[in-house]
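Trainee: Give me a 3D structure for the following:
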Amino acid sequence: MDTALPFEAFLAQTRAARFDDYAGRPGVRVVDAEAFQAMQQHILQRYACLRAVRSLLVDNDVFDCIKEVEAQISAPAAEDGCPEGSIPMRRITLAELTRFQTLGDFLGKSAGSYPR
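Mentor: A predicted model of the protein is given here:
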């Protein structure tokens with residue numbers, strides 16, 4: 001396991017991203033700036049109240065070790081990964097979401113329908 005972009009840097013990068021940064025990239029299917037902004041807000045809201053104690057790169061996926069809060073279900077620490085008292089959570093990024101035309105398309109995806 002390798003380290004990944006730290007959680008706070010990921011959030012700052014997501015906040016600063018613009019539709020024009022993604023439009024025209026290979027594999028990007030987001031339809032317009034409004035759809036991009038919905039994706040951006042989804043990510044920022046998803047992580048708004050979370051605190052990561054470590055970020056790990058595992059097989060091209062980033063997992064953030066989220067500090068447990070009372071409302072979260074306790075999970076065992078990953079071997080050589082998340083420290084005790086934190087749970088691994090796979091990071092969702094704008095690069096991943098923009099493979100879809102809209103946030104609704106991403107949220108409604110089913111097995112086998114993930115764009116490559």
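Trainee: Which residues are in contact with residue 43?
Mentor: By CB atoms under 8 Å, 6 or more residues apart in numbering, the residues touching residue 43 are 14, 92, 93, 94, 97. Heads up, the C-betas are built off the backbone N, CA and C, glycines and all.
Trainee: Residue 88 pairs with what?
Mentor: Assessed by DSSP bridges, residue 88 has beta-bridge partners residue 65.
Trainee: Among the contacts of residue 43, which lie within helices?
Mentor: Using DSSP state H, 14, 94, 97 are the members of these that sit in helices.
Trainee: mind checking the SS state of the closest residue to the last one other than its chain neighbours?
Mentor: What it means is residue 97. The shortest distance from residue 97 to any non-neighbouring residue, by CB to CB, 6 or more residues apart in numbering, is to residue 39 (4.2 Å). Under DSSP: H, G, I helix; E, B strand; the rest coil, residue 39 falls in the helix class.
Trainee: measure residue 39 to residue 6 for me?
Mentor: Separation of residue 39 from residue 6 (CB to CB, to the nearest Å) stands at 21 Å.
Trainee: Comparing those two, which residue is more hemmed in?
Mentor: Higher neighbour count among residue 39 and residue 6: residue 39, with 24 against 13, using other CB atoms under 10 Å.
Trainee: residues contacting residue 98?
Mentor: Contact analysis of residue 98 by CB under 8 Å, 6+ apart lists 22, 25, 28, 29, 30, 36, 39.
Trainee: right, and the last one touches residue 30 too?
Mentor: Yes. Between residue 39 and residue 30 a contact is recorded at 6.6 Å, counting by CB atoms under 8 Å.
Trainee: Residues in contact with both of those two, list them for me.
Mentor: Here residue 39 and residue 30 have 97, 98 as joint contacts, going by CB under 8 Å, 6+ apart.
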